[in-house]
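**Student:** model this:
(one chain, ligands or ions: 1)
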Amino acid sequence: MAKIIIENLNNKEVSSTDNSKSVLDIIHENGIDWMHACGKNGRCTTCKLIVVEGAENLSPIGEVEQKLFEVGKLMDGERVACQAKVHGDIKVRVAEKNKFPHMEYTA
Ligand code: FES
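**Tutor:** Modelled structure (predicted):
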């Protein structure tokens, strides 16, 4: 079982036993609003994850994410939730510019 802790959402915890699902799908299945402007196609980066802990527990960076790194849309320590799959515990943050106005975030 993999646990996803969202640090700046009051350390909200969700988990999944299905490591074929993207981090974004797991977050959504648990009723958490998370931006995904390009429809989970790895183009917009609005679903960006800032990885605080457990980067090694995410699936390897694939072709789609690699392109985002090459054009500077992703930086070290960042992944897109619609592409990354989780195989162990991770702690992440919502990026500042991708926060929703209707949600309450913590430090
Ligand atoms: S939803 Fe657009 S990159 Fe993930």
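
**Student:** which residue ranges of this protein form helices?
**Tutor:** All helices of the chain, identified by DSSP state H, fall at 23-29, 63-70.

**Student:** and the gap between the residue nearest to Ala84 when sequence neighbours are not counted and Lys21?
**Tutor:** Counting by CB to CB, 6 or more residues apart in numbering, Leu58 is the residue found nearest to Ala84 once chain neighbours are left out, at 4.7 Å. In this view, the C-beta of every residue, glycine as well, is placed from N, C-alpha and C. Leu58 is 12 Å from Lys21, where distance means CB to CB, to the nearest Å.

**Student:** just want to know which of these two has more residues nearby.
**Tutor:** For Leu58 versus Lys21, neighbours defined as other CB atoms under 10 Å are more numerous around Leu58 (22 against 16).

**Student:** what bridges to the residue nearest to Ala84?
**Tutor:** With DSSP bridges as the criterion, Leu58 is bridged to Val86.

**Student:** touching, it and Val51? I think so.
**Tutor:** Yes. At 7.1 Å, Leu58 counts as touching Val51 under the criterion of CB atoms under 8 Å.

**Student:** which neighbours do these two share?
**Tutor:** Arg79, Ile90 (CB atoms under 8 Å, 6 or more residues apart in numbering).

**Student:** okay, now the unreliable bits of the chain?
**Tutor:** Nowhere does the chain drop to pLDDT under 70.

**Student:** near the ligand, which residues of it show up?
**Tutor:** 36-38, 40-47, 80, 82 (CB under 6 Å from any ligand atom).

**Student:** which ChimeraX command selects the buried ones in these?
**Tutor:** This is the ChimeraX syntax for the buried subset of the residues of the chain next to the ligand, where burial follows 16 or more other CB atoms under 10 Å:
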select :36,40,42,44,45,46,47,80,82
